[in-house]
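> Sequence and predicted structure below; questions after.
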Amino acid sequence: MQATDPNSRLKSQRASVVLIILSDPQARRYLEELLNGRDEFKLEFCENPAEAAQIAHKLLPDAILLDANLDKVDSAVTCSHLRSDPHLSGAPILVMLDPLDRKAKAQALEAGADDFISKPFDALELLARLRTLTRLHHYDKLFADLERFKWMAAHAQEGYLLLDSLAIIQYANERAINMLNLPENPVGLDFIVAVQANYVARPIETWQTWYEDPSPCFVMRPENIQARAFWMVLEALDTDIGPVTQRIVRLRDVTEKMSIYQDIRRFHDTVTHKLRTPISLLATSVSLINSQLKNLSAEEIKELMQTAAKGAERLVWQVRDVLTYVDAPLSLEIGTPVEIGQIPVILKELCEKFSIQDVELSLPASLAGTQITLTPDALELVLSEALENAKKFHPERAPKLDICIGESEPGMIHIRITDNGVTLSAEQLSWAWLPYFQGEKAFTGELPGMGLGFPLMATLVWGSGGTLRLGNRPDGPGVVVEMKIPCAQG
């Protein structure tokens, strides 16, 4: 994306508002001729000193030019009224007076005047004084605005940056630095280049014109084997901060919202693939029996009924997987902490259920009475998913399992389950944590289950305060599942 002339996007400087309080018509005409033709100043006149404070409060001028010789009004009183307004406390006041009138000068200083210019004044001197006062006032406002902005940005949960007219970073809070992977001090870096180094914009048409028209735009850091895709929305506001217009950029992390949307899509795809086949088997067989009953032989009816039963059984198992995953957290709340000594009994029942013959268990007798934060039902679910996955992904559906239980550290029980099935790719290892994802190369829907086994284990182990790790065996084909589960207190 090529940058264009910054003046077409951000105005570099606005005119300084100067409020002139005087009652001499001739002096007003002279000041108008001197200053009105200059783009750097916008003049506002007040001929009634009684209204000066009210007008100044409304205008919030960058400088006030006050005549010391006002008709029927003490200019020092007017100056004092102006300075008493908190909104005008920083506005510089330049008083026009007779250089020999020391009393008026002292009164003006006491009332809050900042500077003086002698009458009759020199045009070049007046211009120089006004430029200096307005510039210093702008710098004061810039500093105050920046301090407020930085304080708010530093305490924000979102990323904030401040860009100049060339989209060069002038400030970035810590969150923005992390989100854009910027160096610790990013001041002076090109914002456009920084975004494009790690992110892809969506829609691309919005990003291509973002420099000139900062409409909200999504940017995405693509998914890799270490991390899922990271989404954020980029919003901007061109605003005056001090004497120049700068761009405030806000970065909002919307990864969770996008992930929820993608999870819903993945759930829909999985349900469509997984449920279509058993429903079709069931519906087609029953429909044929119903419509052709008189023309079918007993053998044909039996065959169709067997097909329908196969579809119904498969459908029941698919729906059961979903309901088990949804209800899994409840198993942590129902029941008391389970003793480690119950694991052999649970494993025996599960091995019979899944027809797994070769299991070697290592459990020190000293830990048999130790309780962990899983309930019996939760522990059975965790072990059931581990054994079912071991069989499902073994080439011959006959896994050899080594289960080792020990105390890895005080108060933590370590359960290590190793099988001799297949070695998973880095992609499969990272995606195994995602619900409704299965590790088949092409998603056909024919692999048993709904892709909820490992996510269910993670839900229960994490919910008990433990940790879970999935990795490949270092000494051959197969995977290793490691759990660390806290011991129950009391």
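Received it, and whenever you're ready, just let me know what you need.
> for the host helix or strand of residue 278, what is the average pLDDT?
When elements are assigned from DSSP states H and E, residue 278 belongs to helix 255-292. Model confidence over helix 255-292 averages 72 on the pLDDT scale.
> just stretch 391-405 next, same as before
If you average the pLDDT values across stretch 391-405, you get 92.
> which residues touch that stretch?
Residues from elsewhere that reach stretch 391-405 (CB atoms under 8 Å, 6 or more residues apart in numbering): 340, 343, 347, 354-364, 367, 387, 390, 413-422, 439, 447-449, 478-479. In short, each C-beta sits where N, CA and C put it, glycine included.
> Just the buried ones among the residues you listed, please.
Buried residues within the contacts of stretch 391-405, counting neighbours by 16 or more other CB atoms under 10 Å: 340, 343, 347, 356, 359, 363, 367, 387, 390, 413-421, 439, 478-479.
> so where's the stretch 351-490 of the chain shaky on pLDDT?
Scanning the stretch 351-490 of the chain for pLDDT under 70 picks out 427, 430-431, 433-453, 490.
> redo that, cut-off 50
Counting by pLDDT under 50, the stretch 351-490 of the chain contains low-confidence ranges at 439-450.
> all strands of it, in order?
For the stretch 351-490 of the chain, the strands identified by DSSP state E, counting those that start in this stretch occupy 358-362, 371-372, 400-409, 412-418, 467-472, 479-486, in order along the chain.
> Quick one: list the elements packing against the fourth one.
To tie it back to what came earlier, the one meant is strand 412-418. In terms of contacts (3 or more CB pairs under 8 Å, 6 or more residues apart in numbering; DSSP states H and E), strand 412-418 is packed against strand 400-409, strand 479-486.
> would TSV of those strands with distance to residue 234 be doable?
Below are the helices and strands packed on strand 412-418 laid out as TSV (distance: least, CB to CB, whole Å):
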stretch	distance to residue 234
strand 400-409	44
strand 479-486	40
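> Could you find the closest non-adjacent residue to residue 201?
Of all residues not flanking residue 201 in the chain, residue 207 sits nearest, at 3.3 Å (CB to CB, 6 or more residues apart in numbering).
> Check which residues of the strand or helix carrying the one you found are buried.
Under the criterion of DSSP H and E, residue 207 resides in helix 204-208. Along helix 204-208, these residues count as buried under the neighbour rule (16+ other CB under 10 Å): 206, 207.
> same deal with stretch 113-132?
Of the residues in stretch 113-132, those buried under the neighbour-count criterion (16+ other CB under 10 Å) are 113, 114, 116, 117, 119, 121, 126, 129, 130.
> For stretch 353-369, C-alpha coordinates in CSV please.
The C-alpha coordinates for stretch 353-369 follow below in CSV (Å, rounded to 0.1, in the frame of the first residue of the first chain):
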residue,chain,number,x,y,z
LYS,A,353,-15.3,-52.9,27.0
PHE,A,354,-12.9,-52.0,24.2
SER,A,355,-11.4,-55.5,23.8
ILE,A,356,-7.9,-54.4,24.6
GLN,A,357,-5.7,-57.2,25.7
ASP,A,358,-2.2,-55.9,26.2
VAL,A,359,-2.0,-53.4,29.0
GLU,A,360,0.8,-53.0,31.5
LEU,A,361,0.1,-50.9,34.6
SER,A,362,2.8,-49.6,37.0
LEU,A,363,1.3,-48.3,40.3
PRO,A,364,3.3,-48.1,43.5
ALA,A,365,1.4,-49.6,46.4
SER,A,366,2.2,-46.6,48.5
LEU,A,367,0.0,-44.4,46.3
ALA,A,368,-3.1,-46.7,46.4
GLY,A,369,-4.8,-44.7,49.1
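> Phi, psi for the nearest residue to residue 85 once chain neighbours are set aside please.
Of all residues not flanking residue 85 in the chain, residue 57 sits nearest, at 5.6 Å (CB to CB, 6+ apart). Here is the backbone geometry of residue 57 (degrees, to the nearest 10): phi -60, psi -40.
> Hmm, residue 57 is touching residue 87, no?
Yes - with the criterion set as CB atoms under 8 Å, residue 57 and residue 87 qualify as a contacting pair; they are 6.0 Å apart.
> who's more crowded, those two?
Each of residue 57 and residue 87 has its neighbours counted (other CB atoms under 10 Å); residue 57 has more, 13 against 10.
> contacting residues around the more buried one?
Under the criterion of CB under 8 Å, 6+ apart, the contact partners of residue 57 comprise 85, 87, 88.
> which one of the residues you listed is nearest residue 22?
Nearest to residue 22 out of those is residue 88 (CB to CB; 17.8 Å).
> And that closest one, how far from residue 76?
Using CB to CB, to the nearest Å, residue 88 is found at 16 Å from residue 76.
> Repeat that for residue 28.
Per CB to CB, residue 28 is found 21 Å from residue 76.
> Residue 157 too?
Taken as CB to CB, the spacing of residue 157 relative to residue 76 amounts to 50 Å.
> What about residue 117? Give its phi and psi, please.
Per degrees, to the nearest 10, the residue geometry at residue 117, taken as phi and psi, is phi -140, psi 140.
> how much space between it and residue 128?
Shown here: residue 117 relative to residue 128, a distance of 10 Å by CB to CB.
> Equivalent analysis for residue 158, please.
As it turns out, when the distance is counted by CB to CB, residue 158 lies 44 Å from residue 128.
> just residue 308 next, same as before
The spacing between residue 308 and residue 128, counted by CB to CB, is 97 Å.
> Also residue 174?
43 Å.
> same check, this time on residue 70
Counting by CB to CB, the separation of residue 70 from residue 128 is 24 Å.
> for residue 277, same thing?
Distance of residue 277 to residue 128, computed by CB to CB: 87 Å.
> Ok, residue 56 next?
Separation of residue 56 from residue 128 (CB to CB) stands at 23 Å.
> residues in contact with stretch 246-255?
In contact with stretch 246-255 (CB under 8 Å, 6+ apart) are residues 10, 149, 158-165, 167, 170, 175-176, 179-180, 191, 214, 218, 228-241.
> how far does the lengthiest strand in the chain sit from the chain's center?
When secondary structure is assigned using DSSP state E, the longest strand within the chain turns out to be strand 230-241. Distance of strand 230-241 from the chain centroid (CA atoms, centre = their mean, to the nearest Å) equals 13 Å.
> re the thing from before, helices or strands up against the helix holding residue 207?
For helix 204-208, the packing partners by 3+ CB pairs under 8 Å, 6+ apart come out as strand 217-221.
> Return the angle between stretch directions for the strand it packs on and strand 230-241.
Per axes from the mean of the first three to the mean of the last three CA atoms, to 10 degrees, the angle that strand 217-221 makes with strand 230-241 is 140 degrees.
> what packs against strand 217-221?
Judged by 3+ CB pairs under 8 Å, 6+ apart, the packing partners of strand 217-221 are strand 200-202, helix 204-208, strand 230-241.
> Dump the C-alpha coordinates for that strand into CSV.
Listed next in CSV are the C-alpha coordinates belonging to strand 217-221 (Å, rounded to 0.1, in the frame of the first residue of the first chain):
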residue,chain,number,x,y,z
CYS,A,217,-10.5,-3.2,8.9
PHE,A,218,-9.9,-6.8,10.0
VAL,A,219,-6.3,-8.0,10.0
MET,A,220,-5.3,-11.6,10.6
ARG,A,221,-2.1,-13.4,11.5
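> contacting residues around that strand?
With CB under 8 Å, 6+ apart as the test, strand 217-221 has contacts from 195, 198-203, 206-207, 210, 229-234, 254.
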